[in-house]
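# structure for this input, please:
(chains A, B and C)
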Amino acid sequence: MKIPFVYNVRSVLQRPVSTALTALGIGLVVAVFVAMLALANGFAMALVGTGSADNVIVLRRGADNELSSGIGRDAISIISSFPHVALAADGHPLVSPETYVVINVPRVGADTLAIANVVARGVSDRAFEVRRNIVVTEGRRFQSGKSEICVGQKLVGRFQNTAVGQTMRFAGRDWTVVCHFTAAGSSFESEIWGENEQFQGVFRGNVFQSLTFRLKDPKGFAEARRALQDDQRIQVDAHEERAFYADQSQLLGSILRFLAVMVTSIMAVGAVFGAVNTMYAAVSSRTPEIAVLLTLGFQPRSVLVSFLAESAVIALIGGVIGCLLALPMNGVVTSTTNWASFSELAFAFQVTPQLLLEGLIFSIVMGVVGGFFPARRASKMPVVQALR
Amino acid sequence: MALVKLHNVNKSFQRETQTVEVFTDLSVDFAEGSFTALMGPSGSGKSTLLNLVAGLDKPTSGSVLVAGSEVTAMNASALAAWRARHIGFVFQSYNLLPVLTARQNVELPLLLTNLSKKERMERCGIALGVVGLDDRMDHYPRQLSGGQEQRVSIARAIVADPTLILLDEPTGQLDAKSSEEVLVLLQRLNTEFRKTIIMVTHDAHAAERAKTILHLDKGLLVEAEGALR
Amino acid sequence: MRFLPLVLANLGRHKRRTVLTIISVALALFLFASLRSVVTTLNSGAEVSSASRMVVQNASAIVFTLPQSYANRLKAVPHVKAVTWANWFGGKYGDGRKFFATFAIDPESYVAMYPEIAVPDSQKEAFFHERTSAIAGEGLMKTFGWKLGQNVTFQGTIFPGDWTFTIRGVYHPTTKAIGDDSFMFRYDYLYEKYPAQVTPGWFILQIDDPSAAPQVAKAIDDQFRNSPAPTKTGTEAAFTQGFATMWGNVSLLMNTIGMAVVFAILLVTANAMMMSQRERTSEVAVLKTVGFSNVMIFSLVIIEAAVISLVGAALGLLTAALLPKLAGFDTGGFLPGFHVTAGTAVIGAGVALLLTVASGLVPALGAARLPVVQALRRVE
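The predicted structure follows:
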């Protein structure tokens, strides 16, 4: 027969301080776990969510990021005429040649030492079509020939002079901010966009950094890539756009995840030890009761389950506390430099329901692991000794 | 000569809303070298009396003079130091620290003195010898019988050569044989070593070993005939 | 201390509890020290830099280069005694998994500017005379198993193609904060292959008077403000620090986690201490009866907490300091010179002290204040 759970509940309430401390310890581990993975999630989502599955981004052969790439105009023309490139409604190829550069922009409020390398991307009108999910949230797109720029939503408010109507200064020129845009949370939201011709004029000369095009056949990437590679006139590498940006998150993403797992594992060991101590003390102090239960005829297994459940519940309470502590982090925007692209990337903590569930499960696991040996001792207690 | 003098001592305490009078205007003397058994029904205040003498508790009013010092006048830390020097106390049970050996337990009062390690060990050896347990010095309490534990407690009570030895139901948890060991020891301490002993007990047999028996009932002390010597 | 046997005996009462608690403290301090070391390493710019060196970079961003002609003009600025330059190469070696810094330097002037990068004279000579030679850090040599005189080939990313260098020098950094895993080759070799593209990435200046730094910075930046390549000049410390800030809020993150960790362990330790004390009320009563004063009882509990905290802390800090070396742990080239500083150790000790007091305070007070008579009633 099962030992009624109310016995455990009352016993737990009899030592409130011990229970609270143990639960809180586990709670903190869960909080750190959820928060750190939310950080890693947010980072991954910003990059993984960048780009479309049926777009191809072309860089110079050997370049592993847009910054170090260079593609000439003639190469752009050649690629644009490939049959693999989808056509827009007006019959022109759906291609977006782009200039990519990284500039120093001062943050709001930070001291002058703080550098942020923000991406400045030169685009043509086509870019807004090729790269889906770009939505202008305020203002209007920049006009051709003018010294105008659009600022990604994640930069607004965090960097100086980013409001619509304000003027940013870089490359020896003044640029008027004419719009803000979002890009479904992807890394484009941490960028400044302007007209190709304007940016090339001050930065890169006549060379583009990348060409992004839509595949006519969404499944035809392999073929397109081969065609681009075989063509002797150009020296390029083609990447699936989505995979390309996801790869850039590899290094920092795995560092963040590794850090998250390592830190919380170590913390978890400490918290589990706390639970072990608490449960052993509980078993010790309740020895006579356990003896009585066993004498009455409850199975040793029931005693084991009873104590395990007690430990698990204390841990679960801690897990809930931990989740509540980490929840406010959701949506908090932070930024770092993605070293793969050497540019500023802003992203938000993503506390997902799945993550919270994982946190709760983690807490229960800690409770069960911590409570196992004490529960076993309780169930194996020689009754005669206990009653003495 | 009176070693311990209680004069007009009143003790009462609060139990919930009621005030309970333990004793009123109690006056009693204990002579040096005496061996007194204190008896009485439970709740009569005999343990309380012992606590007052030991400076563990303060009377509501009145004076408690031990070896010329007014116990009621000392503050907590002074009392602690005074107790270390003058009192050896033995409880009914749980006297010994389970994590220490017999010798280390006996050593405890000496840690409060300036004696060197060598001197402390010597004294412990002597004290344990007196109680007849020098062959068990390095045993832990769990390895000793009830009677042996109590004897170690007595060794601890005498090791610092205190003015007074106080015992609260020392044989309460012991079987007949162990009780006998303890009581014989106490008698020896009193007759051979001239130790002043006050023992609280509810066991008439144990009480008979003392020189004087006092009955405490409803706050009043009545002397009765002592048995042996 | 004569009371130590008593304290140790008490700790030995529940060996398992004591050991588990000590390990918890050790783990917490290990984490704390490691996290903090990330922060100190990032901020070690000041350690690495010399007060008499300044860096001139392109004001638009570090990714833009400066004209070669600036070299002579910079030499002419008052207080500037020497000028050198470098260019970021950023190539890949092998499978490209191990990230390390690769840059092209102007040989004689750069090596002279950085005595902290200690290279034996004979190797310096080789480097000065051979165009395709390179200097590698001793850590890098160990990682890849390179030998002096070996040819190594890199894949260029910014400068496409295969680049073969001969390792003619191995440097040993004189301060821990400079990493031992950088790779430097000759600027003229880079220039020769891409004359149209290659110009200095940044200039480094030696000035004769550190206090003149602001003056020098202003003079240079004013001079080039309206040119196609405007400059941003600052002390070397500011330059290195700037890279640290690129990590963003990492410092805040590390410190926050560090605090959470310490707090969690504080709870575990406090719990253990309280449980122990709860089980010992009768013993405390006995000690007080024997004549131990309240202050003594208080101290004994605190000392007990202190033993746990200090032993745990020592274990944790030592592991944090030694583990990276022993395990060959590599921070992926991002944190050159990662190590546990003396400052971290001191703060770690302070944390241990805090743990002691915080975890021991409540049980110590409880024991000290335990009314003997009440406790005695429990005893009987």
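# where does chain B dip in pLDDT?
For chain B, residues meeting the criterion pLDDT under 70 lie at B:1, B:219-220, B:224-229.
# point me to the residue of it nearest chain C.
residue B:84 (2.6 Å; CB to the nearest CB). For glycine as for every other residue, the C-beta is placed from the backbone atoms N, C-alpha and C.
# residue B:34 against residue B:199, yeah?
No - taking CB atoms under 8 Å as the definition, residue B:34 is not a contact partner of residue B:199, at 10.9 Å.
# between these two, which is the more surrounded one?
Legend: neighbour count by other CB atoms under 10 Å in any protein chain shown for residue B:34 and residue B:199, higher for residue B:199 (28 against 18).
# just checking, the more buried one touches residue B:211?
No - using CB under 8 Å as the test, residue B:199 is too far from residue B:211 to be in contact (10.8 Å).
# common neighbours of those two, please.
Common neighbours of residue B:199 and residue B:211, using CB atoms under 8 Å, 6 or more residues apart in numbering or on different chains, are B:35-36.
# return the set of residues that bridge with residue C:101.
Beta-bridge pairing for residue C:101 (DSSP bridges): residue C:182.
# quick one, grab the pLDDT at it.
pLDDT recorded at residue C:101 is 85.
# tell me, how many neighbours does it end up with?
Going by other CB under 10 Å, the residues that sit close to residue C:101 add up to 17.
# can you check residue A:261 too?
Per other CB under 10 Å, the neighbour tally for residue A:261 reads 14.
# any idea how far the residue nearest to residue A:155 when sequence neighbours are not counted is from chain C?
Taking CB to CB, 6 or more residues apart in numbering or on different chains as the measure, residue A:155 lies nearest to residue A:162, with 5.5 Å between them; neighbours along the chain are not counted. Distance of residue A:162 to chain C, computed by CB to the nearest CB, to the nearest Å: 17 Å.
# can I assume residue A:162 is in contact with residue A:156?
Yes - look at residue A:162 against residue A:156 with CB under 8 Å: they come within range, at 4.9 Å.
# higher neighbour count, these two?
The neighbour count for residue A:162 versus residue A:156, taken as other CB under 10 Å, is higher for residue A:162 (21 against 18).
# give me the pLDDT for that one.
If you check residue A:162, the pLDDT there is 89.
# for residue B:86, what are its contacts?
Residue B:86 makes contact with B:66-67, B:69, B:162-164 under the criterion CB under 8 Å, 6+ apart.
# from residue B:196, how far out is it?
Using CB to CB, to the nearest Å, one gets 10 Å for the distance from residue B:86 to residue B:196.
# what touches both of those two?
Shared contacts of residue B:86 and residue B:196, defined by CB under 8 Å, 6+ apart, comprise B:163-164.
# on that earlier part again, for the residue nearest to residue A:155, grab phi and psi.
In terms of degrees, to the nearest 10, the main-chain angles of residue A:162 are phi -100, psi 0.
# contacting residues for residue B:223?
Counting by CB under 8 Å, 6+ apart, residue B:223 touches B:212-215.
# how about residue A:120?
Contacts of residue A:120 (CB under 8 Å, 6+ apart): A:100-103, A:149, A:170, A:191-194, A:199, A:203.
# quick check, residue B:222 in a strand?
Yes - counting by DSSP: H, G, I helix; E, B strand; the rest coil, residue B:222 is found in a strand.
# what's the closest non-adjacent residue to it?
Among residues not flanking residue B:222 along the chain, residue B:215 sits closest, at 4.6 Å (CB to CB, 6+ apart).
# for the one you found, give me its contacts.
B:39-40, B:221-224.
# do the same with residue A:137
Residue A:137 sits next to A:153, A:179-182 when contact means CB under 8 Å, 6+ apart.
# which single one of those residues is nearest to chain B?
residue A:153 (65.2 Å).
# quick one: the helices in the chain?
If you meant another chain, say so; for now it's chain A. Counting by DSSP state H, the segments of chain A that form helices are A:5-14, A:16-48, A:73-80, A:127-130, A:196-199, A:221-230, A:241-248, A:250-285, A:287-296, A:300-326, A:353-379, A:383-387.
# oops, wrong one, chain B.
Taking DSSP H as the criterion, chain B carries its helices at B:46-53, B:76-86, B:102-107, B:117-130, B:146-159, B:176-191, B:204-208.
# burial count for residue A:201?
So residue A:201, with other CB under 10 Å, has 16 neighbours.
# for residue A:209, see how far away it is.
15 Å.
# span of stretch A:107-120 from start to end?
15 Å (CA to CA, to the nearest Å).
# what of stretch C:103-121?
Using CA to CA, one end of stretch C:103-121 lies 21 Å from the other.
# do it and chain A meet at all?
No - Stretch C:103-121 is not in contact with chain A by CB under 8 Å from any CB of the partner chain; minimum separation 14.1 Å.
# next one: that stretch to chain centre, how far?
Taking CA atoms, centre = their mean, to the nearest Å, one finds the center of stretch C:103-121 at 23 Å from the center of the full chain.
# where does chain B come near chain C, residue by residue?
Applying CB under 8 Å from any CB, we find that chain B lies next to chain C at B:47, B:51, B:54, B:56-57, B:76-77, B:80-85, B:87, B:89, B:91-100, B:104, B:108-109, B:111-112, B:117, B:156, B:168-169.
# out of those, which end up buried?
Neighbour-count burial (16 or more other CB atoms under 10 Å in any protein chain shown) applied to these gives B:47, B:51, B:54, B:56-57, B:80, B:82-85, B:87, B:89, B:91-97, B:99-100, B:104, B:108-109, B:111-112, B:156, B:168-169.
# tell me which helix or strand in chain C has the weakest average pLDDT.
Ranked by mean pLDDT, DSSP states H and E, the helix or strand of chain C with the weakest confidence is helix C:45-48, at a mean of 66.
# and stretch A:27-39, what's its mean pLDDT?
Stretch A:27-39 carries an average pLDDT of 91.
# then stretch A:180-196?
Average pLDDT, stretch A:180-196: 90.
# element containing the most centrally placed residue in chain C?
Centroid-nearest residue in chain C, with CA atoms, centre = their mean: residue C:41, separated by 2.4 Å. Assessed by DSSP states H and E, residue C:41 sits inside helix C:15-42.
# ok, now how distant is the residue nearest to residue B:222 from chain A?
Distance, residue B:215 to chain A, by CB to the nearest CB: 35 Å.
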